[in-house]
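In: turn this into a structure:
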Amino acid sequence: MRAMNLVFTLLRRFILAALVIILIVHYISKVTNDWDRGNGDTIASLQADGEVVAISIDKSFPIDNDTFTANAVYVTPKQIMVTYEFHSKQTKGVWTFPAMSLKLITPDGQELLSHSAGSNGTTWGSIGYISFDVPDKPVGSAKLVYDIYGRYGELEIPLVKAGDGT
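Out: Predicted coordinates for the structure are as follows:
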C-alpha cells in the first residue's frame, strides 16, 4: 500500500511539474512574439522613396487611462511616417487605437493627408505606424494631433526638410 501511495505521489508531482513547464514555455513565447512584432519591413520599404531621415521622438500623451507614445518619425522625399505605441491599462473591453484619427498639421495650418496606417496588437496594447504626404512648403516641425470622441492630445514633431519638393 505504501509503495502504491508513493507511486501516485510521484506521478502527481511529475504531472504538475510538466504542466508548469508547459505554461512557462507558453508565456515566454507569448512575450517574445510581442517583441518580434514591429515596423521593420515597413521602414525598410521607405528606402524606395529615396533618402530616409530618422528622427527619434519618444513623446507621450494620455488618453483616458491609456498612453499614446510617438516613437520616431521617418522623413523621405515622398512621405512622412510616424511610428507609435499605444499602451492600454484596461484588461476588459479594450479598444483598438484608431490610427487614422491622427492628423499632422504644419505651422502654417496645412493638414497633411494620411494615406496608410498599420498596427499590430500586443498583450499590452498595440504598435503601429501612420504615413502622411509631405507638405507643400518645407517645414521644420509639425503637430501630431489626436482629436476624436472628446479625447484630445497633441505632440510637436520635428521634421527635417519635409516638403523640399523632391
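In: got the buried residues for stretch 47-64?
Out: 49, 57, 60, 63 (16 or more other Cβ atoms under 10 Å). Every residue, glycine included, has its C-beta placed from N, CA and C.
In: apologies, that question was intended for stretch 105-118.
Out: Within stretch 105-118, the residues that qualify as buried by neighbour count (16+ other Cβ under 10 Å) are 105, 106, 110, 112, 114, 117.
In: wouldn't the second one be in contact with residue 134 here?
Out: This means residue 106. No. Contact criterion Cβ atoms under 8 Å: residue 106 and residue 134 do not qualify, at 10.0 Å.
In: any residues in contact with both of these two?
Out: Here residue 106 and residue 134 share the contacting residues residue 112, scored by Cβ atoms under 8 Å, 6 or more residues apart in numbering.
In: that older thread, for residue 29, state which of the buried residues of stretch 47-64 is nearest.
Out: Nearest to residue 29 out of the buried residues of stretch 47-64 is residue 60 (Cβ to Cβ; 28.8 Å).
In: wait, a strand at that closest one?
Out: Yes. Counting by DSSP: H, G, I helix; E, B strand; the rest coil, residue 60 is found in a strand.
In: beta partners of it?
Out: residue 69 (DSSP bridges).
In: hmm, back to that, among the buried residues of stretch 105-118, name the ones in strands.
Out: Of the positions in these, 105, 112, 114, 117 sit in strands, assigned by DSSP state E.
In: what are the neighbouring residues in contact with the second one?
Out: Read it as residue 112. Shown in contact with residue 112 (Cβ under 8 Å, 6+ apart): 80, 103, 104, 105, 106, 132, 133, 134, 135, 142.
In: and it, what are its bridge partners?
Out: Beta-bridge pairing for residue 112 (DSSP bridges): residue 104.
In: tell me which of the buried residues of stretch 105-118 is nearest to residue 17?
Out: residue 117 (45.6 Å).
In: pLDDT and distance to residue 29 added to the buried residues of stretch 105-118, as JSON lines?
Out: As requested, the buried residues of stretch 105-118 are arranged in JSON lines below (pLDDT from 0 to 100; distance: Cβ to Cβ, whole Å):
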{"residue": "105", "pLDDT": "91", "distance to residue 29": "42"}
{"residue": "106", "pLDDT": "93", "distance to residue 29": "44"}
{"residue": "110", "pLDDT": "91", "distance to residue 29": "46"}
{"residue": "112", "pLDDT": "90", "distance to residue 29": "39"}
{"residue": "114", "pLDDT": "86", "distance to residue 29": "34"}
{"residue": "117", "pLDDT": "78", "distance to residue 29": "28"}
